[in-house]
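Q: My questions are about this predicted structure, shown below with the sequence.
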Amino acid sequence: MITERTPQMAASGWVQCKVGDFQFETDWEIQPGKVLVLFGPSGAGKSSTLRAIAGLLHPVAGHVEIGGRIVFDAANNIWVPTHERRLGYLTQQYHLFPHLTVASNIAFGIKNIDCDATKERVSDLSDLFQLSGLGERYPWELSGGQQQRVALARALAPKPAMLLLDEPFASLDTELGRNLRREIRAMLVRSPVPVMLVTHDREEALALGDAVQVMHEGRALVTGNPLEVLGQPGQGRVARLVGVENLFDLSVQERNPHDGTMTCAGLGLQLEVPLDSHISSGPSPKGERTRVTIGIRASDIILSKEDLVGSSARNRIPGQVISIESRPPGYAITLDCGQSLRCNITGASLEEMRIQPGQRLWAVFKASSCFLVDAE
Amino acid sequence: MIGTSRTTNHPATILGNSGALLYVLFIGLPVIALLIRTAQQSDFLVAVTGDIALTALKLSLVTSVISMAVVVLLGAPFAYLLARSESLWARTVDSLVELPLILPPVVAGVAMLMAFGRNGLIGSGLESIGLTIPFTTTAVVFAQIFVASPLFIRSAKLGFQSVATDYEDVAQTLGISPWRTFFRITLPLASPAMVTGLGLAWARALSEFGATMMFAGSLTGETQTMPLAIIATMESNIDSALALSVILLAGSILVLVLLGTFTRRKWQGR
């Protein structure tokens, strides 16, 4: 079993980079064994951040610490070259060395390639990543999942002080990606290194992230708990980036402070949502708002054939089915409730309820499933 | 079915096949004639081991090996620079590399005389410190490097360009210094293209005639390489000329075969 004896240190820092006309800036602090996900659309500066940490790109300003060592500090003129930074870097296409066998690829970063300790480490890592017996194969003789495992084993072999993963599952099918996520989690328990992972996949960010930072056009918009940031994002721009399915601009009708809720309406839709003072920190400087943007995740909505009278859900909205789309692993149903409302259900529910376009259904959800999104 | 009828009956296919047949005859006939004529002669071995032939053969081998050593040692790092640098300097030099390929070899010989000749631009200076280049074995090597180096440099440059810099990046994150990365990753991955370039350059150096004739002359044992010896003996001793021609032909075929086997690496084309 592979257990690192040397205690791992946190990785932290900030960088400001300029690549041509594109500028980006970000900061991070990652504890050993924890995963910070950089989430955002392509071109947001995520991969470039990884390259800057690896020393493959020269930041304009910043301070980078890896394994308790300062590897870059613009103010003090410190620059440690890439090969002395003790990093594991996994690229999107893995870049396994095509002229070397699996075993040689894994052993590539270990000093003293021929000693017994090296052979043992290679065989341990092969076991850990289910690569036993493939040592003499060449990269092109492997499946995509095996190639990814070899790349991970190779990155971990020299015992890096930080792991940088650039969309590691992008070229794998969903099922394989899920298995590998589990393996990475297990690996982090055994050898706790700080990990920075770049992705634009929400599911991946939720499954692997201990924290998530949403990046857009070179800036970190928000950093926090993945469920909060990706589930009920408070910023309008973040909400759009993480793909909140339902966003409504409504006007506040009535505030019910004793319930902690308020009633909002617009274009035939009336919702009961959490009171805005509970969400935002203190009353807004402009006094109480009359217009708000409300977000609801499609997966937080229950569909029912009848009005669920006598339930605790504060929102029970009738509507007509406009469309049924396949969105693996489930289905997306769009209801016309004055405004269109998207709900995600499973294939089993779709069959049981025999949902048809034009059918009348009730959308049921709690007031707390609605969240306020700040306008920009 | 449409596909098959198109490939067998299409006018372009018929024309193409006729062209191919003519081409095979055009190239094949002289080659076969050379072999038949050589086989008819009294004794191939005697001709080959004859003084003129053997001396020329040795000189050709020695000079081309030296030329290739210089071309590889200086050309490989140079090709790497051309492949990776975007500077104006590198791009200017890059276009200059093509010049010897287009320039008639005789002109190259004249130009080298103008530079290194006794009254040449720097030749006179070299002469005064006791260095004579024209009409020496060194001149043969110069001429070969001049005409053959672009073939290696071009091919090596393409080889280096085909190695994605990501491989080098990954190697460095694994703790391997840039210098060692070059030898463990870049060079092995570029080597098939470099071997191809070396084969072509070698063949070109062995067949070098025009520039050598101009710049080095045809002195037996000193500057008379195989192609020059063939010209020299064609009138007086056609047996030697034929024997040398067959050796050069065999050498060319060998280069072709080696290029086919060495450069087809297992990781390519998959």
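A: Looks like it arrived, so ask away. Numbering: from 1, shown residues only, chains lettered A, B, ... in the order given.
Q: Residue of chain A nearest chain B, please.
A: Among the residues of chain A, A:Gly109 lies closest to chain B, at 3.1 Å counting by C-beta to the nearest C-beta. From N, CA and C alone the C-beta is placed, and that goes for glycine too.
Q: Give me the neighbour count for that residue.
A: 25 (other C-beta atoms under 10 Å in any protein chain shown).
Q: On the pLDDT front, check it for me.
A: In this prediction, A:Gly109 carries a pLDDT score of 91.
Q: That one: what's it in contact with?
A: A:Gly109 is in contact with A:Arg154, A:Ala155, A:Ala157, A:Pro158, B:Leu174, B:Gly175, B:Ile176, counting by C-beta atoms under 8 Å, 6 or more residues apart in numbering or on different chains.
Q: redo that, cut-off 7 Å
A: A:Arg154, A:Ala157, A:Pro158, B:Leu174, B:Gly175, B:Ile176 (C-beta atoms under 7 Å, 6 or more residues apart in numbering or on different chains).
Q: so what are the domain limits for chain B?
A: Split into domains by automatic domain parsing, chain B comes to B:1-40, B:43-262.
Q: On the three-state scheme, A:Trp14 is what?
A: strand (DSSP: H, G, I helix; E, B strand; the rest coil).
Q: doesn't A:Glu65 make contact with it?
A: No - A:Trp14 is not in contact with A:Glu65 according to C-beta atoms under 7 Å; the separation is 10.2 Å.
Q: These two: which is more packed in?
A: Using other C-beta under 10 Å as the criterion, A:Trp14 and A:Glu65 rank with A:Glu65 on top: 18 against 15.
Q: what's the burial count for the residue of the stretch 1-150 of chain B found nearest chain A?
A: Closest residue of the stretch 1-150 of chain B to chain A, C-beta to the nearest C-beta: B:Glu86 (13.0 Å). When neighbours are defined as other C-beta under 10 Å, B:Glu86 has 6 of them.
Q: One more: the one 10 residues further on?
A: Neighbour count for B:Leu96, taken as other C-beta under 10 Å: 10.
Q: do A:Glu29 as well
A: 15.
Q: coming back round to it: could you confirm the residue of the stretch 1-150 of chain B closest to chain A falls within a helix?
A: No - secondary structure assignment places B:Glu86 outside any helix; it is coil (three-state DSSP).
Q: Surely A:Val252 forms part of a strand?
A: Yes - membership of A:Val252 in a strand is supported by three-state DSSP.
Q: Would you check that it makes contact with A:Val292?
A: Yes - at 6.1 Å, A:Val252 counts as touching A:Val292 under the criterion of C-beta under 7 Å.
Q: Mutual contacts of those two, please.
A: Common neighbours of A:Val252 and A:Val292, counting by C-beta under 7 Å, 6+ apart, are A:Cys264.
Q: Mind checking which of those two has more residues around it?
A: Higher neighbour count among A:Val252 and A:Val292: A:Val292, with 22 against 17, using other C-beta under 10 Å.
Q: Let me know the pLDDT of B:Arg265.
A: For B:Arg265, the predicted pLDDT is 60.
Q: who touches the residue of the stretch 1-150 of chain B closest to chain A in this structure?
A: B:Glu86 touches nothing, counting by C-beta under 7 Å, 6+ apart.
Q: ok, it to B:Asp94 distance?
A: 11 Å (C-beta to C-beta, to the nearest Å).
Q: Go ahead and confirm B:Pro227 touches B:Phe209.
A: Yes - B:Pro227 lies in contact with B:Phe209 (C-beta under 7 Å); the separation is 4.3 Å.
Q: Thanks a lot, catch you later.
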